[in-house]
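Visitor: here's a sequence, model it:
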Amino acid sequence: MTMFFRALSKKKIILHIGLPKTGSTALQQALHQSREALLRQGVLYPAKVHREDDPKHNFVLDLVRKGQGHDISSERGYKAASRIVISNEALSNDFYHHGIEQNRQLAELLRLHGELEICMVLRRESDWLKSYYKQAVINQSVKGKSHYQNSLPVDAFRELEPVRRLLDFGSLIQDVSAGFQAPVRVMRYEEIQVSQVIQYCTGLPVDPSSLRVRHNESVSDAAVEIMRQLNAVISSIEEKCAWSSLLVQASGAKHAVLGTLAARATPEAIAALDRAKIDSVRYFPAEAPQVEHAEFNMVLVAMKEHFSN
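Guide: Numbers count the residues shown, from 1 in each chain. Have a look, this model is predicted:
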């Protein structure tokens with residue numbers, strides 16, 4: 001197990017855990033971009049991030065799953081910091097998947113550095129479900145997450161156990177507080193700006209006009225519906241990436257996950273795609289009533305053209 005050192009002075013640890021699709025990317029980018037200024041004011045946003053363009057703290061996933069990982073006390077500015085802010089929305093997305101013991105293990109490791117508080121952002125149920133559903137359809141298949149790369153209509157998706165548990169906000173808040181054995185500060189996505197979440201996490205005043213953040217663009221309903229139907233016949237990650245590449249070309253989507261999958265597509269995988277699969281895609285208004293027929297046909301025709309080319 002990685003060695004952690006107790007803080008010489010009492011620090012406050014703010015652990016932002018999402019939910020997903022509630023502005024986490026914007027929050028993380030703003031904190032990461034302001035890291036040096038925050039350090040000068042006694043706030044540490046650890047430099048150990050996933051990527052410069054996706055500055056979430058994936059090291060906490062190693063801590064929660066394995067009990068070992070990045071040593072926060074090795075961060076520059078750690079000793080002088082009175083507050084440490086850590087952010088990864090996967091901690092709420094995977095909260096029930098991790099289980100009680102692993103979540104408590106993470107909490108105990110973080111408490112070695114100071115007093116722990118949890119920050120959660122919740123969103124209006126219908127809006128959150130739609131956004132989360134679209135993300136799950138676009139995502140690749142992941143072990144232990146049956147709702148990823150699914151081919152279900154949104155109403156059926158809502159009834160999946162992992163989704164139902166995340167939608168039960170009241171129970172989720174109680175379970176998070178019990179699991180991490182820490183107080184939970186809940187904010188509402190519709191009622192706040194990113195600057196207000198940053199202000200809570202850092203304990204510092206924030207000028208909203210000073211923030212320059214990139215929000216993760218959403219994929220169109222039509223593009224998601226096409227991928228939903230393709231998910232039912234996709235047999236490998238290579239094929240998922242190849243179809244994602246054609247979908248990006250056809251729709252012009254700039255979504256981070258879709259773009260990452262598309263970038264991994266190889267010419268060989270694209271050449272191996274079965275034309276019959278894209279020809280089987282049809283417009284089903286009963287299963288996707290939010291999708292406009294004209295836009296659906298436009299994206300589908302463009303995908304077929306890119307396939308032929």
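Visitor: quick one: end-to-end length of stretch 120-130, please.
Guide: Stretch 120-130 has an end-to-end distance of 19 Å (C-alpha to C-alpha, to the nearest Å).
Visitor: in that stretch, what's buried?
Guide: Burial within stretch 120-130, assessed by neighbour count using 16 or more other C-beta atoms under 10 Å, is assigned to 120, 121, 122, 123, 128, 129, 130. Using the backbone N, CA and C atoms, a C-beta is placed for each residue, glycine as well.
Visitor: just those residues: which are in helices?
Guide: 128, 129, 130 (DSSP state H).
Visitor: wait, the last one sits on residue 155?
Guide: No. Counting by C-beta atoms under 8 Å, residue 130 stays clear of residue 155, with 11.4 Å between them.
Visitor: so what's the residue count around the nearest residue to residue 132 once chain neighbours are set aside?
Guide: The spatial neighbour of residue 132 that comes closest, neighbours along the chain excluded (C-beta to C-beta, 6 or more residues apart in numbering), is residue 21 at 5.2 Å. Other residues near residue 21 come to 23 when the count uses other C-beta atoms under 10 Å.
Visitor: same question, the one 4 residues further on
Guide: Residues contacting residue 25 under the criterion other C-beta under 10 Å number 22.
Visitor: kindly report the same for the one 3 residues further on.
Guide: By other C-beta under 10 Å, 23 other residues sit near residue 28.
Visitor: wait, it touches residue 55, no?
Guide: Yes. At 4.9 Å, residue 28 counts as touching residue 55 under the criterion of C-beta under 8 Å.
Visitor: give me the common contacts of these two.
Guide: Between them, residue 28 and residue 55 have residue 49 as joint contacts when contacts are counted by C-beta atoms under 8 Å, 6 or more residues apart in numbering.
Visitor: out of the ones in helices among the buried residues of stretch 120-130, which is nearest to residue 164?
Guide: The shortest separation between residue 164 and any of those is 10.5 Å, and it belongs to residue 129 (by C-beta to C-beta).
Visitor: how close does the closest one sit to residue 197?
Guide: Relative to residue 197, residue 129 is positioned 21 Å away (C-beta to C-beta, to the nearest Å).
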